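Asker: Following is a predicted model, sequence given first.
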Amino acid sequence: MAQAIRNMEAEMQNKKPISLTHITLYGLLFVAVILIAFGVKSLLSARAGGTTAKTPAGAVVSLRADKADFDTAEDVTLHVTLTNPNDFSIRVLKWFTPLEGVEQPLFTVTRDGEPVTYLGAMVKRPAPTEKDYITLAAGERITSDVNLSAFYDLSISGNYEVMYDVTSIQLYAGEDLAQLNKTGHLTSNTLKLFIEGRVAPANPTLYPNYPN
C-alpha cells in the first residue's frame, strides 16, 4: 500500500497525466490492501482465541420429564442428569445428588407461585470423608430418576415449577473447589408441570446418622 502511494506521488511530481484507468486501479489496490490487513488481523485474533484455556466450571444439572401433565395415579418421575463439562475429573459430594436416593431437599418446588413442603428424610451426617464423594470423569454424565411425589407435598392440583437447587461449601472436594473457583452451588433448568393432587407422603420423624 505504501509503495502504491509513493508511485502516485511520483507521477504527480512528474506532472504526468493520470488516466481514469490508473485512478481506478490505484483505488482497487488500496481497498485490497486494507481488506488483506483486516483479514490477517482477524485470523491472528481467532488463532489467539483458540489457544485460550477453557474456564473451569462446576457440575451441570439438568431436569427432564417424559410429560408435562400427571394425573393422580401417576408418579411424577423426573430424570436428573449430572454432567462434568470440564476436561478434567471433579468430585461431587453424593449426599447432594440423587444417586443413592433423596435424603434431603434437593429441589425447589412451587405450586402456582407458592412454595411446596419437602416431606422426605432429613439425614444427619458427620463431616464428609473422601469416600463420600463421587468422581465424574471429564465429560461424564450420570442420570438418576426421582419420584418427586414421594418426597414433596403434591396433594393439591395445580401448576408446579420444579428446579434442582442445592448449596453447600462441601459440595466439591477441597482441591476441586479451589481449581473450579466456584461456590458449592448446583442449580438446574426449571420444569413446568401440571400435577393433579394425590396423597402426600408421610412426614418422617426419625433422622438417623449417615452410616460410616
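Answerer: Here it is on my side, so go on. Numbering: from 1, shown residues only.
Asker: The closest residue in space to residue 75 that isn't next to it in sequence: what's it in contact with?
Answerer: Closest residue to residue 75 apart from its sequence neighbours, by C-beta to C-beta, 6 or more residues apart in numbering: residue 147 at 4.6 Å. In short, each C-beta sits where N, CA and C put it, glycine included. If you count contacts by C-beta atoms under 8 Å, 6 or more residues apart in numbering, residue 147 has them with 75-78.
Asker: Scan those and report the most crowded one.
Answerer: With neighbours taken as other C-beta atoms under 10 Å, the top of these is residue 76, carrying 23 neighbours.
Asker: Confirm residue 143 sits in a strand?
Answerer: Yes: secondary structure assignment (DSSP: H, G, I helix; E, B strand; the rest coil) places residue 143 inside a strand.
Asker: right, and it touches residue 79 too?
Answerer: Yes: taking C-beta atoms under 8 Å as the contact criterion, residue 143 and residue 79 are neighbours in contact, 5.7 Å apart.
Asker: hmm, back to that, just send the contacts of residue 147 back as TSV, with secondary structure and distance to residue 116 too.
Answerer: As requested, the contacts of residue 147 are arranged in TSV below (DSSP: H, G, I helix; E, B strand; the rest coil; distance: C-beta to C-beta, whole Å):
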residue	secondary structure	distance to residue 116
75	coil	16
76	coil	11
77	strand	17
78	strand	14
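Asker: Adding distance to residue 55, write the residues you listed out as a markdown table.
Answerer: Compiled in a markdown table, the contacts of residue 147 are given as follows (distance: C-beta to C-beta, whole Å):
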| residue | distance to residue 55 |
| --- | --- |
| 75 | 39 |
| 76 | 36 |
| 77 | 34 |
| 78 | 29 |
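Asker: Looking at the residues you listed, which is nearest residue 158?
Answerer: Using C-beta to C-beta, the shortest approach to residue 158 within the contacts of residue 147 belongs to residue 76, at 12.5 Å.
Asker: pLDDT weak spots in this protein?
Answerer: For the chain, residues meeting the criterion pLDDT under 70 lie at 1-54, 177-183, 203-212.
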